[in-house]
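Asks: Have a look; sequence and predicted model below, questions after that.
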Amino acid sequence: MKTSRISLGLMEQVLMLCILAIAATVCLRVFVWADNKSDEAIERNHAITHLQSAAEVLKACGGDFAQAAKMHGGEVQADTWKLRFDEAWQQTTETASFTLLVRREETQTMHLGQARLVVLDEAQTEIASLTVAWQEGEQ
Amino acid sequence: MSRDRMRVKTDGRIKLPSMLGMSSLLVMFAVLCLTVFAVLSVATVQANTGLLEKMNSAVSEYYRADCEAEQILAQLRNNTIPAEVEVNGDTYSYLCRVNETQALAVEVEICADAYKILRWQLISVGEWQADDKRPVWGGK
């Protein structure tokens, strides 16, 4: 009688340990997923904010990439304005975690300038993008 | 019979009730807590993600309307008047829809090759219905 009670107790302990292990594994995966999703949303929000800043500077400079780079930072190579950001979304000249690229686009309409702004992560995956247009020529 | 089990045995030792099942209760409680926290984190993340996506799409929609407005202005400067533009002498006005409730109202004055932006404003175009479910103090 005593032996069967002891073995029953042991079986219960083992079963409960298994249940706890399964529940902990599943819940831990959920926590990690939630954390990753939250990080992705924050990254995208930062990207959109910086895209907006760059777009407004470009419009204010009338599409002049060199002047925009002088005002807002970054470097201009051919028809591309590039800004580099570190993990804390501060502008950097070293290895970047995020890159904001501004590329001029051809338009069919005269007096209209247009560019596409894209934010890429380290793996060169697009996080967010915007298209901005401005008037060219004298106002 | 169960009351007898609680009583002191003939040799003086007190027999405690069986502890079988206590660990099950403890583990069930722990699993319940873990599940509740997991559900709360998922709900919080989804709410935050939804809010951030709405903010981001608002920005994207605004710039799409802004591009459309710039294109119409460029067409006006090229002496082409699109159908949606209202003409009042040298002043041209038009609306570029941002979303269901907002639009970009533009008014420009074009004289020869020069142009002057008189208005470039985000306005509300949706219907607003007052919520009068609760009485609001009128100040008197």
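Replies: Everything's here; your move.

Asks: Report the residue spans of chain A with pLDDT below the cut-off.
Replies: When the per-residue scores of chain A are filtered using pLDDT under 70, the ranges that remain are A:1-3, A:138-139.

Asks: Does the residue nearest the centre of chain B belong to a helix, a strand or coil?
Replies: The central residue of chain B, meaning the one whose C-alpha is nearest the mean C-alpha position (C-alpha atoms, centre = their mean), is B:Leu51 at 3.4 Å. For B:Leu51, the reduced secondary structure class is helix; criterion used: DSSP: H, G, I helix; E, B strand; the rest coil.

Asks: hang on, B:Cys67 in a helix?
Replies: Yes. When classified by three-state DSSP, B:Cys67 is found to be part of a helix.

Asks: Verify the contact between it and A:Leu130 for me.
Replies: No. With contact defined as C-beta atoms under 8 Å, B:Cys67 and A:Leu130 do not form a contacting pair (9.3 Å). Heads up, the C-betas are built off the backbone N, CA and C, glycines and all.

Asks: So those two - more neighbours on which side?
Replies: When B:Cys67 and A:Leu130 are compared on other C-beta atoms under 10 Å in any protein chain shown, the one with more neighbours turns out to be A:Leu130, at 23 against 19.

Asks: now that one: how far from B:Ser124?
Replies: Here A:Leu130 is placed at a distance of 23 Å from B:Ser124 (C-beta to C-beta, to the nearest Å).

Asks: can you check B:Ala69 too?
Replies: Distance, B:Ala69 to B:Ser124, using C-beta to C-beta: 17 Å.

Asks: From the neighbour counts alone, determine which of those two ranks first.
Replies: Residue environment comparison for B:Ala69 versus B:Ser124 gives the larger neighbour count to B:Ala69, 21 against 9, counting by other C-beta under 10 Å.

Asks: ok now do the more buried one, which residues does it touch?
Replies: Contact criterion C-beta atoms under 8 Å, 6 or more residues apart in numbering or on different chains gives B:Tyr94, B:Cys96, B:Leu104, B:Val106, B:Trp120 as the residues in contact with B:Ala69.

Asks: Could you find the closest non-adjacent residue to it?
Replies: Beyond its immediate neighbours in the sequence, the residue positioned closest to B:Ala69 (C-beta to C-beta, 6 or more residues apart in numbering or on different chains) is B:Cys96, lying 4.5 Å away.
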